[in-house]
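1. sequence? don't have it. structure:
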């Protein structure tokens, strides 16, 4: 059942790559509503699940036998947040280079494409282990990531429609399939590897939520934003309560 759910969840994320160009052609008013809802859900996911998960993994990592010989406990506990910071810096730097592609040349565009594929790969690679800890968390992760992919791809499809249709969505789908295959061949994923992948994804997701998924203040539909935040928060708290009991 684990792998059936994993395939379904990865398929849902992959479908976001193929729906993005259709979403990009929808009326602007409709796009603002969905962007506001998705941004609210993304904010809730980051603060209610992702950041507490990094703190929990960091504490567990610091308590692992022999870790104190490599670094003091406070540094070990902060390690995953440093990896998340690296995820933010890499994502932002590549976006800056890609924006100034005329000055940076084709290397910037290639880096942006490869990073896009790496993120999709990590999504699928970490998904089976997340589902194994709780089906509800896997479903909510899939919803949050699908919304993130859809909103990010919508921007790419609107700005570079030809590149997106002929390269980006194919590459994202292939990376998802390869990530799931990697997890299947080398399952279960080591806790440390999963924690590092989650931390890096968290950094990229945090950057994307604040830079891309949250619409500008004058374009935000507050009711939809609050609905997304409350809905995701309620579902996460329900999943946490169920896991606790």
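-> On my side now, so go ahead. For clarity, every value in this text was computed on a predicted model and none was experimentally measured.
2. for residue 153, give me phi and psi.
-> Phi and psi for residue 153, reported as degrees, to the nearest 10, are phi -70, psi -30.
3. count the neighbours of it for me.
-> When neighbours are counted by other Cβ atoms under 10 Å, residue 153 registers 23. Placement of C-beta: from N, CA and C, glycine included.
4. contacting residues around it?
-> 16-17, 20-21, 164, 168-169, 172 (Cβ atoms under 8 Å, 6 or more residues apart in numbering).
5. now pLDDT and distance to residue 36 too, for those residues, in a markdown table please.
-> Listed next are these as a markdown table, based on pLDDT from 0 to 100; distance: Cβ to Cβ, whole Å:
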| residue | pLDDT | distance to residue 36 |
| --- | --- | --- |
| 16 | 85 | 18 |
| 17 | 84 | 22 |
| 20 | 79 | 17 |
| 21 | 77 | 21 |
| 164 | 74 | 23 |
| 168 | 79 | 24 |
| 169 | 84 | 24 |
| 172 | 86 | 24 |
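6. just among the residues you listed, which is most surrounded?
-> Most neighbours among the contacts of residue 153, by other Cβ under 10 Å: residue 172, with 28 neighbours.
7. so where does that residue fall, helix or strand?
-> Using DSSP states H and E, residue 172 sits in helix 169-185.
8. tell me which residues in that helix are buried?
-> Residues 169, 171-173, 175-177, 179-180, 183 are the ones in helix 169-185 that count as buried (16 or more other Cβ atoms under 10 Å).
9. will you turn the residues you listed into CSV that also has distance to residue 223?
-> As requested, these are exported to CSV (distance: Cβ to Cβ, whole Å):
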residue, distance to residue 223
169, 31
171, 36
172, 31
173, 34
175, 35
176, 33
177, 38
179, 36
180, 37
183, 39
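10. among these, which one lies nearest to residue 195?
-> residue 183 (14.9 Å; Cβ to Cβ).
11. that closest one contacts residue 128, correct?
-> Yes - with contact defined as Cβ atoms under 8 Å, residue 183 counts as touching residue 128 (4.8 Å).
12. poorly predicted segments of this protein, please.
-> 60-73, 76, 98-112, 159, 187-191, 212-215, 242-245 (pLDDT under 70).
13. which stretches of it form helices?
-> 2-23, 28-45, 51-62, 73-99, 101-104, 106-133, 135-159, 161-163, 169-185, 191-208, 222-244 (DSSP state H).
14. with that, I have no additional questions.
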